[in-house]
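Visitor: My questions concern the predicted model and sequence given below.
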Amino acid sequence: MAPFNTNDLQRIFEKLDRNGDGLVSLEELNWVLERIGVHYSLEELELLFEKPTLDFDEFLFFCDSLISNQKATTSEKDDDEESDLFEAFSVFDLNGDGFITSEELQSVLARLGMWDETSGKDCRSMIRVYDTNSDGVLDFEEFKNMMLRTIS
């Protein structure tokens, strides 16, 4: 299963498509990529796509390719997996206390454009699924288990 499902990617696409024309500019794509820690230069994206905008199908294909590439890179670099996961954990652990709270999760999801107050999602419920010791927060091991289960 991919970290983002098609509905998540559709919501991200729609938020990036501010003028509603069904296209996302490479600048908008680069903006969201940087927020999730994927760094491309605008020139690299222009060379990759050979066009200034993407429709949803192209955006979806790019995201699937990016996720597949991340999986391949991770499987090739098992030694770096723990380090990469800790780096990702640190993105969510805003106060650096070693735990991810529902408030921190909501803050990061909002920054990525994946949180909508009207969606009905509750970050406490999302955390509860992977909170194996029932302390209401995710520690690194719980986060790692969640990510490894989500990516595989």
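Guide: Perfect, thanks for sending it. Numbering: from 1, shown residues only.
Visitor: Centroid-nearest residue for the chain?
Guide: Closest to where the C-alpha atoms of the chain average out (CA atoms, centre = their mean) is I36, at 5.6 Å.
Visitor: In this protein, where is pLDDT below threshold?
Guide: Within the chain, the stretches with pLDDT under 70 are 1-4, 67-80, 116-121, 150-152.
Visitor: got the phi/psi numbers for E87?
Guide: When read as degrees, to the nearest 10, the backbone of E87 gives phi -60, psi -40.
Visitor: Tally up the residues packed near it, please.
Guide: Neighbour count for E87, taken as other CB atoms under 10 Å: 11. From N, CA and C alone the C-beta is placed, and that goes for glycine too.
Visitor: so who does the residue nearest to the centre of the chain touch?
Guide: By CB atoms under 8 Å, 6 or more residues apart in numbering, I36 lies in contact with L112.
Visitor: now swap in S107 and tell me
Guide: Neighbouring residues of S107 by CB under 8 Å, 6+ apart: L94.
Visitor: what kind of secondary structure is it in?
Guide: helix (DSSP: H, G, I helix; E, B strand; the rest coil).
Visitor: ok, so what distance separates it from T101?
Guide: Distance, S107 to T101, by CB to CB, to the nearest Å: 9 Å.
Visitor: all helices in the chain, in order from the N-terminus.
Guide: Taking DSSP state H as the criterion, the chain carries its helices at 6-16, 26-35, 42-49, 56-76, 78-92, 102-111, 123-130, 140-151.
Visitor: Quick check: closest non-adjacent residue to T53.
Guide: Excluding the flanking residues, the one nearest T53 by CB to CB, 6 or more residues apart in numbering is L23, at 4.0 Å.
Visitor: and the gap between the one you found and S102?
Guide: Distance from L23 to S102, by CB to CB: 35 Å.
Visitor: Now do the contacts for L105.
Guide: F92, C123, M126, I127.
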